[in-house]
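**Q** Got a sequence here, can you build the structure:
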Amino acid sequence: MQLRVFGRTGLQLSVLGFGCGAVGGFMVRGDPAEQERTVARAIAAGVNYFDTAVQYGNGESEKNLGRVLQKLKPANVVVGTKVRLPPSEYGRITDAVTMSLEGSLARLGLDRVDIFHLHNPITEAGGGSTLSVRQVLDDVVPAFERLREQGKIRFLGMTAVGDTAALHQVIDARVFDSAQVVYNMLNPSAGEELPASYPAQDYGRLFDHSQAAGVGIVGIRVLAGGALSGSLERHPIAGPAPEPIGSALSYDADVDRARRLMPLVEEGFAASLTEAATRFALSHPAMGTILVGMATPQQFEDALAAVEKGPLPRAALERLSALRQPFSGEPR
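**A** The predicted structure is shown next:
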């Protein structure tokens with residue numbers, strides 16, 4: 001398994017991370033024995049980053065990951081979890097962040113987590129479930145720093161969702177060590193210019209900002225919540241089709257556009273759309289580790305096989321760019 005240096009942290013993370021999210025559902029609703037076997041298989045294959053959150057199954061993902069890690073006792077795995085603050089807690093951010101982390105540590109059976117990510121969307125002015133740039137920098141960051149001083153977290157993380165300009169400001173402030181960034185074949189704008197009137201959020205080459213700031217990147221939504229399988233079918237363990245982030249306004253529209261990328265498979269660049277999507281996410285040098293959600297052990301094996309083939313070649317990336325051109329001007 002290839003390892004990549006993760007920003008300025010000094011960590012070396014496996015290019016394939018183990019996503020414990022609710023969209024795939026495996027670490028939330030999967031069979032406990034299968035969870036243990038699959039995590040052991042991942043560690044044996046060189047996977048060393050495990051990503052969870054209290055929101056995934058209302059703590060079930062953290063509990064299950066904690067149980068498996070206690071049993072396996074692997075050396076040198078890196079664990080990340082998250083806090084999402086409800087608007088009712090915005091007046092007491094330090095206490096709310098601390099309580100959330102204490103609960104996560106208890107469920108995980110750990111004294112500290114390696115990366116603690118803020119999970120709220122970030123906007124210029126805040127409002128609703130979003131936090132403003134000033135709330136993040138003036139309230140959340142000091143709360144995180146206090147936890148770091150107490151030895152309960154190693155690195156500060158954020159989830160780069162919200163308004164592009166606000167995300168750039170927060171990353172440019174150089175206070176976060178890690179950012180979870182949406183990057184996939186339907187929306188590559190964190191890494192490259194989008195054509196005019198392209199139907200997606202423009203993340204404005206966010207990777208340029210992260211690289212300048214020394215921020216490590218965790219690639220999220222690399223399969224667009226499953227849409228880049230090109231199929232509307234969901235596994236029984238998987239969550240319902242998720243709300244798209246940064247791409248179309250509906251999951252069905254994402255699936256429809258994904259199917260228009262099938263020539264990548266038909267022309268032999270990849271064995272499947274999911275393989276192409278997984279390898280695409282690795283193709284940008286700013287990427288540290290990618291998360292591929294799963295419902296079954298076989299889906300982990302598929303992701304591993306795709307990663308072992310390496311990034312897509314330049315010819316495939318050029319073909320993909322040509323296939324996306326007709327999307328411009330379509331309604332989002």
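
**Q** Surely Gly17 is in contact with Gly46?
**A** No. The pair Gly17 and Gly46 fails to qualify as a contact (Cβ atoms under 8 Å) at a distance of 11.3 Å. Any C-beta I mention is one placed from the backbone N, CA and C, and that applies to glycine too.

**Q** Count the residues that sit near Ser88.
**A** Look at Ser88: counted by other Cβ atoms under 10 Å, it has 8 neighbours.

**Q** Angles on the backbone of it, please.
**A** Dihedral pair for Ser88: phi -60, psi -20, per degrees, to the nearest 10.

**Q** Look up how far Glu102 lies from it.
**A** 18 Å (Cβ to Cβ, to the nearest Å).

**Q** Next one: the residue sitting furthest away from the middle of the chain relative to Arg37, how far apart?
**A** Ranked by distance from the centre of the chain (Cα atoms, centre = their mean), the top residue is Glu267, with 28.9 Å. Applying Cβ to Cβ, the value for Glu267 to Arg37 is 36 Å.

**Q** re the thing from before, which one is the residue farthest from the centre of the chain nearest to, not counting chain neighbours?
**A** Among residues not flanking Glu267 along the chain, Arg319 sits closest, at 6.9 Å (Cβ to Cβ, 6 or more residues apart in numbering).

**Q** ok, now which ones touch the one you found?
**A** Shown in contact with Arg319 (Cβ atoms under 8 Å, 6 or more residues apart in numbering): Pro263, Leu264, Glu267, Phe269.

**Q** Correct me if wrong, but Lys82 is in a strand.
**A** Yes. Counting by DSSP: H, G, I helix; E, B strand; the rest coil, Lys82 falls inside a strand.

**Q** Who does it form a beta bridge with?
**A** His117 (DSSP bridges).

**Q** tell me the strands in the stretch 101-250 of the chain, going along the chain?
**A** Here the stretch 101-250 of the chain has its strands, by DSSP state E, counting those that start in this stretch, at 113-118, 122-123, 131-132, 153-159, 178-182, 216-220.

**Q** what's the helix or strand for Leu323?
**A** Taking DSSP states H and E as the definition, Leu323 sits inside helix 314-324.

**Q** mean confidence score for that helix?
**A** Helix 314-324 shows a mean pLDDT of 97.

**Q** Name the residues of it that are buried.
**A** Within helix 314-324, the residues scored as buried using 16 or more other Cβ atoms under 10 Å are Ala316, Leu317, Arg319, Leu320, Leu323, Arg324.

**Q** who are the neighbours in contact with the closest residue to His209 other than its chain neighbours?
**A** Closest residue to His209 apart from its sequence neighbours, by Cβ to Cβ, 6+ apart: Ile171 at 4.6 Å. Taking Cβ under 8 Å, 6+ apart, we find Ile171 in contact with Met158, Ala160, Ala179, Leu206, His209, Ser210, Ala213, Val215.

**Q** same thing but at 6 Å, please
**A** Counting by Cβ atoms under 6 Å, 6 or more residues apart in numbering, Ile171 touches His209, Ser210, Ala213, Val215.

**Q** which among these gets closest to Val140?
**A** Ranked by distance to Val140 (Cβ to Cβ), the contacts of Ile171 are led by Val215 at 15.6 Å.

**Q** per-residue confidence at the closest one?
**A** pLDDT for Val215: 98.

**Q** Touching, it and Gly7? I think so.
**A** Yes. The pair Val215 / Gly7 is scored as a contact, 4.9 Å apart, by Cβ atoms under 6 Å.

**Q** Of those two, which one has the most company?
**A** The residue with more neighbours, out of Val215 and Gly7, is Val215; 30 against 22, by other Cβ under 10 Å.
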